[in-house]
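Asks: Could you look at this predicted model? Sequence included:
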Amino acid sequence: MALELARRFDCVELLSIDSMQVYKGMDIGTAKATPAELDEIPHHLIDLIEPHETMDIVDFTTAYDDVVDDLDRRDRLPVLVGGTGLYARSVIDRLEPPPRYPDVMAKIETEPDTVGLHHKLRQLDPVAAERMEPTNRRRVLRALEVCLGSGRPFSSFGPGMTRYADVAHLLIGVDAPRDVLDAHINARYDTQMDLGFLDEVEKLLALDPPIGRTARQALGYKELAEHIEGTLSLDDALDTAKRRTRRFARRQQRWFRRDPRIVWLEHRGHPGELIDDLVRLVEVHIDGCSDQCS
């Protein structure tokens, strides 16, 4: 839908709001834009760091602001695309992250049991724990760092994730029935495997240094890495990845459904069929858009 929108309006450039597309070399499994699509439409905020590195909200927001400043100077229209809810809220609502507590982090990150850390977080801040996957090590560690370092729940910082202030952005979501969403998830994994997803994970594991703990937790990458390392069969790896992704999609739906600012378009078979509705929303939202964009 975003690509087609950019084809309709020549002022549009796309900004990925995806916490895993920032990694170089993680292309197939994150459904990154293809080389042909990148040549056709300008994309930003992808391939920012190496797979062994990490990026937090502050880093991402800084990179986002640099891109938007450049687009403003060139009279271009940024269209944000992606499903990482926390990244989206951070740049749309200008969330202020909690302080850092490096001594606390140095202590807790020596614990290898991420699920055990999540259990501890649930005791200290059940609200924050509910908002993240128990295996998402980066988010679990960050929330625990703040809880232990500040003596306050991680979820209590900032304006609160339940506050939705007026913003200049037009927020649009696609409302897909669960059975349709599940079918798309399963089919996408099958397509990604045909495109060489397994080879991509093998190359990431073979890097020096290899893919880091944060990037490795990405959907599909974790399971295929375990298959390559001999702890899962390929069928079991794919079944687990699909099941984990379906659960993640449910959490995404709940996350975005809480935001009353989102205008929902009803899925009618293929997202491309919604493009005319999307174009009308954009034209109404942006005064003079038809004059700026041919």
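Replies: On my side now, so go ahead.
Asks: Direction included, what does the helix or strand that contains residue 79 pair against?
Replies: For residue 79, the element it lies in under DSSP states H and E is strand 77-81. Next to strand 77-81 in the sheet, as set by DSSP bridges, lie strand 12-16 (parallel).
Asks: Okay, helices next: where are they in the stretch 151-294 of the chain?
Replies: For the stretch 151-294 of the chain, the helices defined by DSSP state H, counting those that start in this stretch occupy 178-195, 197-206, 213-216, 221-228, 234-257, 275-285, 289-292.
Asks: Could you check how far residue 55 is from residue 238?
Replies: Separation of residue 55 from residue 238 (C-beta to C-beta, to the nearest Å) stands at 28 Å. (Each C-beta comes from the backbone N, C-alpha and C, glycine too.)
Asks: Between these two, point out the one with more neighbours.
Replies: Remark: of residue 55 and residue 238, residue 238 carries more neighbours, 22 against 19, as counted by other C-beta atoms under 10 Å.
Asks: do you know how far the closest residue to that one other than its chain neighbours is from residue 268?
Replies: Residue nearest to residue 238 in three dimensions, not counting chain neighbours: residue 189, with 6.1 Å by C-beta to C-beta, 6 or more residues apart in numbering. As defined by C-beta to C-beta, residue 189 lies at a distance of 24 Å from residue 268.
Asks: Among the two, which residue is more densely surrounded?
Replies: Looking at residue 189 and residue 268 with other C-beta under 10 Å, you find the greater number of neighbours at residue 189, namely 20 against 12.
Asks: Give the full set of residues in contact with the more buried one.
Replies: Contacts for residue 189 (C-beta atoms under 8 Å, 6 or more residues apart in numbering) come out as 197, 220, 238, 241-242, 245.
Asks: again with residue 81
Replies: Contacts of residue 81 by C-beta under 8 Å, 6+ apart are 2, 14-18.
Asks: distance of it from residue 63?
Replies: With C-beta to C-beta as the criterion, residue 81 and residue 63 are 15 Å apart.
Asks: Domains of this structure: list them as residue ranges, please.
Replies: As recorded under automatic domain parsing, the domains making up the chain are 2-96+158-292, 97-157.
Asks: Off-centre distance for stretch 177-185?
Replies: For stretch 177-185, the separation from the chain centroid amounts to 19 Å (computed by C-alpha atoms, centre = their mean, to the nearest Å).
Asks: actually stretch 74-83, not the one I wrote
Replies: Worked out by C-alpha atoms, centre = their mean, stretch 74-83 lies 15 Å from the chain centre.
Asks: ok, now stretch 204-214?
Replies: 20 Å.
Asks: Residue 137 reaches residue 217, doesn't it?
Replies: Yes. Applying C-beta atoms under 8 Å as the test, residue 137 and residue 217 come out as touching, 6.1 Å apart.
Asks: what is the mean pLDDT for stretch 45-54?
Replies: Predicted confidence along stretch 45-54 averages 96 (mean pLDDT).
Asks: Which parts of it count as buried, going by neighbours?
Replies: 45-48, 51-52 (16 or more other C-beta atoms under 10 Å).
Asks: Stretch 211-220 now?
Replies: Residues 211-212, 214-220 are the ones in stretch 211-220 that count as buried (16+ other C-beta under 10 Å).
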